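Participant: Okay, sequence plus prediction incoming.
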Amino acid sequence: MKLLFSVDSKNYTDDLPTIERYAVRAVICKDGLLAMQRGRNGEYKIPGGGIEKDESNEEALGREVLEETGLHVIRGSIKEIGEVLEIRKDSFDKGQKFIQHSYYYFCDVENIVSETAMTEREMAQGFRLEWETLENIIAGNEKIVKADWQKRDQLFLKWLNGRSSSEWNGHTI
């Protein structure tokens with residue numbers, strides 16, 4: 001997958017043990033709006049998460065979108081956007097270097113919404129499905145962005161906003 005950009009905090013040393021994580025993220029466009037998870041504090045999160053062992057990226061994308069939003073991905077609609085690479089000291093174990101590979105995809109969803117199966121952390125933060133314009137998402141997140149995942153999502157959304165529709169594999173927002 002094509003590397004879109006890297007985010008390197010440079011807050012680690014190269015002698016630290018390294019942990020790598022692989023995740024998928026879904027860009028779902030409908031009627032000029034994006035499907036996002038929105039937290040109680042107003043932050044927008046791109047649906048997606050970790051790829052489980054023996055799971056394809058497409059399977060992980062469908063599972064994560066369903067768990068977090070209740071939306072059902074149409075498998076044949078999945079199209080690669082690219083990878084964002086994050087390198088930083090691990091948030092949970094400061095004695096480790098953390099490398100996050102986030103694979104972004106455009107996809108369409110069916111016209112049904114099922115019950116979500118969010119993590120306890122996501123439920124505690126009040127995440128829910130919300131459809132919003134790209135411009136409003138970027139503007140809203142500008143006031144809130146603090147955590148590493150928020151910075152990554154915000155940088156990706158700004159990158160996406162700077163692309164022409166011809167670069168969006170036929171998808172329009």
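Facilitator: Yes, it's here.

Participant: alpha carbons only for contacts and neighbour counts from here, please
Facilitator: Noted.

Participant: Show me the shaky parts of this structure.
Facilitator: 164-173 (pLDDT under 70).

Participant: where do the strands sit along it?
Facilitator: Ranges of strands within the chain are 3-8, 18-27, 29-30, 33-38, 44-45, 48-50, 71-73, 79-89, 97-106, 109-113, 128-132, based on DSSP state E.

Participant: Count the neighbours of K143 for me.
Facilitator: 10 (other C-alpha atoms under 10 Å).

Participant: Return the distance of it relative to W149.
Facilitator: 15 Å (C-alpha to C-alpha, to the nearest Å).

Participant: what's the answer for E20, then?
Facilitator: Taking C-alpha to C-alpha, one finds E20 at 15 Å from W149.

Participant: Report how many residues lie close to the closest residue to K10 other than its chain neighbours.
Facilitator: Counting by C-alpha to C-alpha, 6 or more residues apart in numbering, K10 lies nearest to R88, which is 6.2 Å off, once chain neighbours are set aside. The number of residues packed near R88 is 20, by other C-alpha under 10 Å.

Participant: swap in P17?
Facilitator: P17: 10 neighbours (other C-alpha under 10 Å).

Participant: Isn't it up against K97?
Facilitator: Yes: if you go by C-alpha atoms under 8 Å, P17 and K97 touch, sitting 6.0 Å apart.
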